[in-house]
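**Student:** model the structure of this input:
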Amino acid sequence: MRKITRAVTAMAFAAGVVATGGLTNAQAAGSSWDGCPSGAVCVYAQDAEAVTPTDVYWSYGAHNLSNQVGWHWVLNNQTGGAHARLCLGSNGTNCNYDMAAQHGVRADLTPVNSITLDRP
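**Tutor:** The predicted structure is shown next:
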């Protein structure tokens with residue numbers, strides 16, 4: 001996550017979230033970003049630097065999380081302005097963190113039960 005950690009800003013979300021500043025010079029829209037393929041939203045292992053995502057989501061809509069606790073990087077490498085949201089409820093309910101395309105967050109996923117991928 002060397003590319004990400006250079007552009008980190010703190011934000012509040014449930015137990016806490018750290019957000020990146022978006023694209024870096026080394027990343028362009030339409031390319032893989034720290035192992036997250038273009039068009040996908042990726043979750044990485046707890047307390048790990050990004051090498052290979054543990055979960056990759058491609059389809060729009062809600063995706064329920066399972067056994068995701070502690071701090072994880074979540075990257076939104078979708079294209080065309082699609083957003084991803086972290087939600088406290090299952091099936092995309094009670095969403096309270098919105099992540100624009102080509103942005104990532106380091107989030108405590110313990111209270112998060114789902115992620116949505118939303119069309120622009």
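
**Student:** going forward, measure contacts between C-alpha atoms and count neighbours the same way
**Tutor:** Noted.

**Student:** now do the helices in the chain.
**Tutor:** Taking DSSP state H as the criterion, the chain carries its helices at 2-5.

**Student:** got a list of what the most centrally placed residue in it touches?
**Tutor:** What sits nearest the mean C-alpha location of the chain, by C-alpha atoms, centre = their mean, is Val74, with 2.7 Å. The contact partners of Val74, taken as C-alpha atoms under 8 Å, 6 or more residues apart in numbering, are Val41, Cys42, Val43, Tyr44, Gly104, Val105, Arg106, Ala107.

**Student:** and with 7 Å instead?
**Tutor:** Cys42, Val43, Tyr44, Gly104, Val105, Arg106 (C-alpha atoms under 7 Å, 6 or more residues apart in numbering).

**Student:** including distance to Gly92 and pLDDT, could those residues go into JSON lines?
**Tutor:** Below are the contacts of Val74 laid out as JSON lines (distance: C-alpha to C-alpha, whole Å; pLDDT from 0 to 100):
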{"residue": "Cys42", "distance to Gly92": "16", "pLDDT": "97"}
{"residue": "Val43", "distance to Gly92": "16", "pLDDT": "96"}
{"residue": "Tyr44", "distance to Gly92": "20", "pLDDT": "95"}
{"residue": "Gly104", "distance to Gly92": "18", "pLDDT": "95"}
{"residue": "Val105", "distance to Gly92": "18", "pLDDT": "95"}
{"residue": "Arg106", "distance to Gly92": "19", "pLDDT": "95"}
